[in-house]
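Peer 1: Kindly return the folded structure for what I paste below:
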Amino acid sequence: MDKYVAFLRGINISGKNKIIMSDLKSEFEELGFSEVSTYLNSGNIAFSSETDNAKPIIEKMIKDKFDLEVPVYVIRMDYLKDILAHSPDWWGLDNKEKYHNLIFILSSDTPEDIYALIGELSEGLETAQIYKDVIFWSFDRKAYQKCNWWKKTASVGVAEKLTIRTANTIKKVCK
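Peer 2: This next block holds a predicted model:
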């Protein structure tokens, strides 16, 4: 049995796509997943499973039980820990002036495709680096509205291709 993390995109944001985490945890257990735990109210679920293709099972359950079509990104815990072990030196530090994110790609696009689609970084304000199939991205907290990637990652044609988690969330999910 392997350990996984599922990231649900766009739930419990401003009262939209509401799913109570204790209900979601129960539904994961009903699917036969074990060691299920949730983190925050934004759809971060760690679980163990014998199946290596949980994504369609989870998406169907969310549609059936909560009447929502929510994109789900599922990653093996050991793979996620490997990604963290290879994070850039500048990413995930406890620097309160920077905001650190990890971009997971929901679509069939490559990280290079997404990088090109979003475009150039705002010089001196944001930094990004591709590793395997994710993108590490950090930006200046005080100047986020001036950051090109901040605007573009939330834009139509891009936002639906991604799910983004903060460094703190990723680190806590991996404990």
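
Peer 1: how is this protein carved up into domains?
Peer 2: Listed domain ranges for the chain are 2-78, 86-173 (source: automatic domain parsing).

Peer 1: would you turn these into CSV with mean pLDDT and mean neighbour count?
Peer 2: For glycine as for every other residue, the C-beta is placed from the backbone atoms N, C-alpha and C. Shown next, in CSV, are those (pLDDT from 0 to 100; neighbours: other Cβ atoms under 10 Å):
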stretch, mean pLDDT, mean neighbour count
domain 2-78, 91, 16
domain 86-173, 93, 16
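
Peer 1: So which elements touch the longest helix along the chain?
Peer 2: Taking DSSP state H as the criterion, the chain has its longest helix at helix 55-66. Under the contact criterion of 3 or more Cβ pairs under 8 Å, 6 or more residues apart in numbering; DSSP states H and E, helix 55-66 touches strand 2-8, helix 21-30, strand 72-76.

Peer 1: Which of those sits closest to Ile135?
Peer 2: With Cβ to Cβ as the criterion, Ile135 lies closest to strand 72-76 of the helices and strands packed on helix 55-66, at 13.2 Å.

Peer 1: Tell me the spacing between the closest residue to Lys98 other than its chain neighbours and Tyr79.
Peer 2: Counting by Cβ to Cβ, 6 or more residues apart in numbering, Lys98 lies nearest to Ser138, which is 5.0 Å off, once chain neighbours are set aside. Here Ser138 is placed at a distance of 22 Å from Tyr79 (Cβ to Cβ, to the nearest Å).

Peer 1: for Thr153, same thing?
Peer 2: Taking Cβ to Cβ, one finds Thr153 at 23 Å from Tyr79.

Peer 1: all helices for this structure, in order.
Peer 2: Under DSSP H, the chain gives helices at 21-30, 55-66, 77-85, 111-118, 148-153, 167-173.

Peer 1: among these, which is nearest Lys96?
Peer 2: helix 167-173 (11.6 Å).
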